[in-house]
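Colleague: Starting from these lines, generate the structure:
(3 chains)
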Amino acid sequence: MRRIVFGAALAVGCTAACAAQAQDSAKEIQRYRQMIAEGSPAELFELEGEALWKKTQGPKNVSLEKCDLGRGPGVLKGAYARLPRYFKDADRVMDLETRLLYCMTTLQGRSREEATKRVFGTADRPSEMESLSAYIAAQSRGMKLDPGMSQPKEKESYALGRALYFHRAGSWDFSCASCHGEEGKRIRMQDLPVLYKPQAARPVVATWPAYRVSNSQFKTMQWRLNDCYRQMRTPEPNFGSETTVALIHFMTVTARGETYRGPGNKR
Amino acid sequence: MNTLRRALVAALVIGIVKPLAALAAWNKEAFGAKTAGDALESLGVGNAAPSKDLTIDAPQIAENGAVVPIEISSAIAGTTALIVVIDKNPFPLIARFDFKEGALPFVKVNVKMGETSDVRVLAEAGGKHYVATKEVKVTIGGCGG
Amino acid sequence: MAAGPMKMRATLGQGFTDVRVLMTHPMETGQRKDSDGKLVPLHFIQNLTVKVNGKPVVEAQISQAVSRNPVFSFRLKGGAKGDKIEVSWLDNHGDTNSTEAAVA
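Modeller: Numbers count the residues shown, from 1 in each chain, chains lettered A, B, ... in the order given. Reported below is the predicted structural model:
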């Protein structure tokens, strides 16, 4: 028997007044989100990211400045908006973080173990991936999301992502769709966007990665998926796994055409 | 580093830090007050008249109390200071901004709120005080993540 | 301990200069517990000064209730391109940091 766990939700058969109040709350929360979006500490992470991009590291003692994120070595403008996409040298579809990891291991000669030792940071010490993501994502501000869709592996990745979105697994038998599958659902005060629908996916994909005021940390898409799986009580996906990239790819394709306006500032 | 050098460095550091600290006054008594009334008394704020020319722009609901954006503007002539108080915070006095010639009585600041509370803003103008209030509801975000 | 990055933008508005400054600071209230269950001590910015061409125009005293990684916006009277704006802070440890920007 399926046990769906949601917080205090509006009961079916709610009176008109109750529904109206919910509407007002939703509007007010939108207002809050708007206000905190102006003037975001994310910019401080962008500065850190820039320094890390230029820092020489690893046995090869080079910086990441020659890393090819899809537009040519070192070209950052618009690169994030065009991810995920297929990379011939790695023969797979990659999102920003998997691509950065690839550059860390190939360009800088670092081991995967060392480079992924601390991918998710803390409020006092952001991780490299977080700062780099902030910096690189910012270079795509104002550009339209345009992930890869034509190459065979890109098509496979999209299909895999879509299948995974609805695939139920883990001790609670949850899929993404368990929470993000129906209009009008929320957990406590957060509305749950139905991410396989473009109008819901667009504002979401356009504002991640983001600074989260609730824990003063800069969070990336790899973190977001990892945390979703944690909340679904399934095992943690590997960093940059095919699963995570496929889901990010699926959501980005669903949101394509939207103007990227991140990095975001969220609750 | 030998003891003499260590002592000299320490003296130098104290010498530099102390004057800085002295220059920058911080009203310990007011900031340590546990009620809004006590804080305002420490600041020498007496009766404050409500004023519509003192505006507070803040969200009605804060999704997370860790960051509540508050924008304050005073159209009261001769405003030289703005004081922010959050009644239900453990230490209600949040900030005091003194504006000198060249600055407008305006500020936007992000504050931490422990629970739903009135945000009270006072303006100091021509030796008198004025006040405006706005309630902000605080809810902690869902998902816990 | 080196202070984290600080960033400021000063832009000309309608008859005023808009100054937005972001600073890195934990702004610890002294009431938060770390992962070991120990209280993290009070550590917060107490004073903030805004200067225009070397002259202080805003002096602020703030408490530990200001959010972590504070973001402030101020407005200065008039202003012209190239005016030098400086924002500096001093915390309860005696640490300081400052940043400068020209009005754009």
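Colleague: Can you tell me the SS state at the nearest residue to A:Pro147 once chain neighbours are set aside?
Modeller: Closest residue in space to A:Pro147, ignoring its immediate chain neighbours: A:Thr252 at 4.3 Å, by Cβ to Cβ, 6 or more residues apart in numbering or on different chains. No exception for glycine: its C-beta is placed from N, CA and C like everyone else's. Here A:Thr252 is recorded as helix under DSSP: H, G, I helix; E, B strand; the rest coil.
Colleague: quick one: the strands in chain C?
Modeller: For chain C, the strands defined by DSSP state E cover C:6-12, C:16-23, C:45-52, C:55-62, C:71-77, C:84-91, C:96-102.
Colleague: Looking at the ones you listed, spot the one closest to chain A.
Modeller: Chain A lies closest, by Cβ to the nearest Cβ, to one member of the strands of chain C: strand C:71-77, at 4.3 Å.
Colleague: Is the closest one in proximity to chain B?
Modeller: Yes: residues of strand C:71-77 are located near chain B by Cβ under 8 Å from any Cβ of the partner chain, namely C:71-77.
Colleague: which parts of chain C sit against chain A?
Modeller: Counting by Cβ under 8 Å from any Cβ, the residues of chain C near chain A are C:4-7, C:20, C:22-24, C:26, C:67-69, C:71, C:73.
Colleague: Specify which member of those residues is nearest to A:Ala37.
Modeller: Nearest to A:Ala37, judged by Cβ to Cβ, of the residues of chain C next to chain A is C:Val71 at 11.2 Å.
Colleague: What ranges in the chain fall below the confidence cut-off?
Modeller: Let's take chain A. Low-confidence segments of chain A (pLDDT under 70): A:1-20.
Colleague: My question was about chain C, not that one.
Modeller: In chain C (pLDDT under 70), the answer is C:1-2.
Colleague: mind redoing it with 50?
Modeller: Low-confidence segments of chain C, defined by pLDDT under 50: C:1.
Colleague: and it, which of its residues are near chain B?
Modeller: So far as Cβ under 8 Å from any Cβ goes, chain C lies against chain B at C:16, C:27, C:29, C:31, C:46-47, C:49-50, C:52, C:55-68, C:70-77, C:90, C:94, C:96.
Colleague: residues near the closest residue to A:Thr105 other than its chain neighbours, how many?
Modeller: Excluding the flanking residues, the one nearest A:Thr105 by Cβ to Cβ, 6+ apart is A:Arg112, at 5.7 Å. The local packing of A:Arg112 (other Cβ atoms under 10 Å in any protein chain shown) involves 13 other residues.
Colleague: A:Arg112 against A:Thr106, yeah?
Modeller: No: the pair A:Arg112 and A:Thr106 fails to qualify as a contact (Cβ atoms under 8 Å) at a distance of 10.7 Å.
Colleague: ok, and the helix or strand in chain B with the lowest average confidence?
Modeller: helix B:3-23 (a mean of 55; mean pLDDT, DSSP states H and E).
Colleague: Tell me the first helix or strand C-terminal of that helix.
Modeller: Once the chain leaves helix B:3-23, the next helix or strand it forms, by DSSP states H and E, is helix B:28-32.
Colleague: what is the rounded mean pLDDT of that next one?
Modeller: Averaging the model's pLDDT scores along helix B:28-32 yields 96.
Colleague: what sits against the residue nearest to A:Pro147?
Modeller: By Cβ atoms under 8 Å, 6 or more residues apart in numbering or on different chains, the contact list for A:Thr252 reads A:83-84, A:145, A:147, A:205.
Colleague: again, only using 7 Å
Modeller: Taking Cβ atoms under 7 Å, 6 or more residues apart in numbering or on different chains as the contact definition, A:Thr252 lies against A:84, A:145, A:147, A:205.
Colleague: Could you do A:Arg118 as well?
Modeller: With contact taken as Cβ under 7 Å, 6+ apart, A:Arg118 is in contact with A:Ser127.
Colleague: ok, now how distant is A:Arg112 from chain B?
Modeller: 26 Å (Cβ to the nearest Cβ, to the nearest Å).
Colleague: Check the gap between that residue and C:Val87 for me.
Modeller: Between A:Arg112 and C:Val87 the computed distance is 42 Å (Cβ to Cβ, to the nearest Å).
Colleague: Run me through the strand neighbours of the longest strand belonging to chain B, direction for each.
Modeller: In chain B, taking DSSP E as the definition, the longest strand is strand B:128-138. Note on strand B:128-138: by DSSP bridges, its sheet partners are strand B:48-50 (parallel), strand B:61-62 (parallel), strand B:117-125 (antiparallel).
Colleague: Only alpha carbons, please: show that strand as PDB.
Modeller: Coordinates of the C-alpha atoms in strand B:128-138 are reproduced here as PDB (Å, rounded to 0.1, in the frame of the first residue of the first chain):
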ATOM      1  CA  LYS B 128      12.100  64.000  17.900                       C
ATOM      2  CA  HIS B 129      11.300  60.400  17.200                       C
ATOM      3  CA  TYR B 130       8.800  58.800  14.800                       C
ATOM      4  CA  VAL B 131       7.800  55.200  14.400                       C
ATOM      5  CA  ALA B 132       6.300  52.800  11.900                       C
ATOM      6  CA  THR B 133       5.500  49.100  12.400                       C
ATOM      7  CA  LYS B 134       5.000  46.100  10.200                       C
ATOM      8  CA  GLU B 135       4.300  42.500  11.100                       C
ATOM      9  CA  VAL B 136       6.300  39.800   9.400                       C
ATOM     10  CA  LYS B 137       5.100  36.200   9.600                       C
ATOM     11  CA  VAL B 138       8.000  33.700   9.800                       C
END
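Colleague: Name the residues that touch it?
Modeller: With Cβ under 7 Å, 6+ apart as the test, strand B:128-138 has contacts from B:45-46, B:48-51, B:54-56, B:58-62, B:65, B:68, B:76, B:113, B:115-123.
Colleague: For PyMOL, write a command that selects the buried ones of the residues you listed.
Modeller: To isolate the buried members of the contacts of strand B:128-138 in PyMOL, using 16 or more other Cβ atoms under 10 Å in any protein chain shown:
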select buried, chain B and resi 45+48+51+54+56+58+59+61+62+65+68+76+113+117+119+120+121+122+123
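Colleague: Hmm, A:Gly121 and A:Glu130 touching each other?
Modeller: Yes: look at A:Glu130 against A:Gly121 with Cβ atoms under 7 Å: they come within range, at 5.4 Å.
Colleague: Looking at those two, which has the bigger crowd around it?
Modeller: Using other Cβ under 10 Å, the more surrounded residue of A:Glu130 and A:Gly121 is A:Glu130, with 28 against 19.
Colleague: What residues does the more buried one make contact with?
Modeller: Taking Cβ under 7 Å, 6+ apart as the contact definition, A:Glu130 lies against A:45, A:121, A:218, A:220.
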